[in-house]
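J.: Next come a sequence and a model predicted from it.
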Amino acid sequence: MVNSFYEKVNKDELLSYVFNDFSKVNWEKHLPKMYQFWNYLLLGIPEYKGRPFPVHTQLPVESKHFDVWLRLFKANIDEQFSGPVADMAKVKGEQIALTFQYRMGLLED
Ligand code: HEM
């Protein structure tokens, strides 16, 4: 799920710019972190140690970036999974994307 999601991200011009050109993400490090993050949120496996929000405050992103992120994230889930955990993944993705945007001041109240 994580690998195929970031394959989609990398094919999207808007998001790929942020990940690859702006942040020069080291995918060998980022992907395992994301496995741990989602392992925790969806399966309760407490491996992820980190604070997801702060890195995002430095990024050149607007709400349109989050809209694309969410669209790709949900499409990726729907292509491969169905059922309660798949639904939870989509809800969590939505909630976190929304929370990030509020905290970054990208949304009007
Ligand atoms: C516009 C949408 C987003 C963009 C452009 C974005 C971009 C990034 C970038 C560039 C990093 C740093 C990677 C690195 O250098 O290691 C990162 C880390 C991360 N992102 Fe996002 N992100 C977005 C949305 C989200 C959302 C909605 C979530 C959660 C559902 C999320 C979860 C994380 C996590 C867990 C990390 C790892 C933080 C750490 O522990 O170092 N991101 N993201």
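T.: Alright, I've got the coordinates.
J.: Neighbours of Glu79, how many?
T.: As a burial measure, Glu79 scores 10 neighbours (other C-beta atoms under 10 Å). For every residue, glycine as well, the C-beta is placed using N, CA and C.
J.: same check, this time on Phe37
T.: 17.
J.: Would you mind listing what in the chain touches the ligand?
T.: Within the chain, the positions lying close to the ligand (C-beta under 6 Å from any ligand atom) are 15, 18-19, 23, 25, 29-30, 33, 37, 50, 52, 55-56, 59, 61, 65-66, 69, 93, 96-97, 100.
J.: and stretch 78-87, which residues are buried?
T.: Neighbour-count burial for stretch 78-87 flags Ala86 (criterion: 16 or more other C-beta atoms under 10 Å).
J.: List the contacts of it.
T.: Here stretch 78-87 makes contact (C-beta atoms under 8 Å, 6 or more residues apart in numbering) with Met1, Ser4, Leu42, Leu43, Ile77, Ala89.
J.: and that stretch, C-alpha only, in PDB?
T.: Taking C-alpha atoms only, stretch 78-87 is exported to PDB below (Å, rounded to 0.1, in the frame of the first residue of the first chain):
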ATOM      1  CA  ASP A  78      -9.600   1.300  -3.200                       C
ATOM      2  CA  GLU A  79      -7.600  -0.400  -5.900                       C
ATOM      3  CA  GLN A  80      -6.200  -3.000  -3.500                       C
ATOM      4  CA  PHE A  81      -8.400  -3.300  -0.400                       C
ATOM      5  CA  SER A  82     -11.900  -3.300   0.900                       C
ATOM      6  CA  GLY A  83     -13.400  -3.800   4.400                       C
ATOM      7  CA  PRO A  84     -13.100  -2.100   7.800                       C
ATOM      8  CA  VAL A  85      -9.300  -1.600   7.800                       C
ATOM      9  CA  ALA A  86      -9.400  -0.100   4.300                       C
ATOM     10  CA  ASP A  87     -12.200   2.200   5.500                       C
END
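J.: Report the distance from it to the chain centre.
T.: 16 Å (C-alpha atoms, centre = their mean, to the nearest Å).
J.: residue contacts, the nearest residue to Lys49 once chain neighbours are set aside?
T.: Leaving aside its sequence neighbours, Lys49 sits nearest to Gln36 (C-beta to C-beta, 6 or more residues apart in numbering; 7.9 Å). Gln36 makes contacts with Ile45, Glu47, Tyr48, Lys49, as judged by C-beta under 8 Å, 6+ apart.
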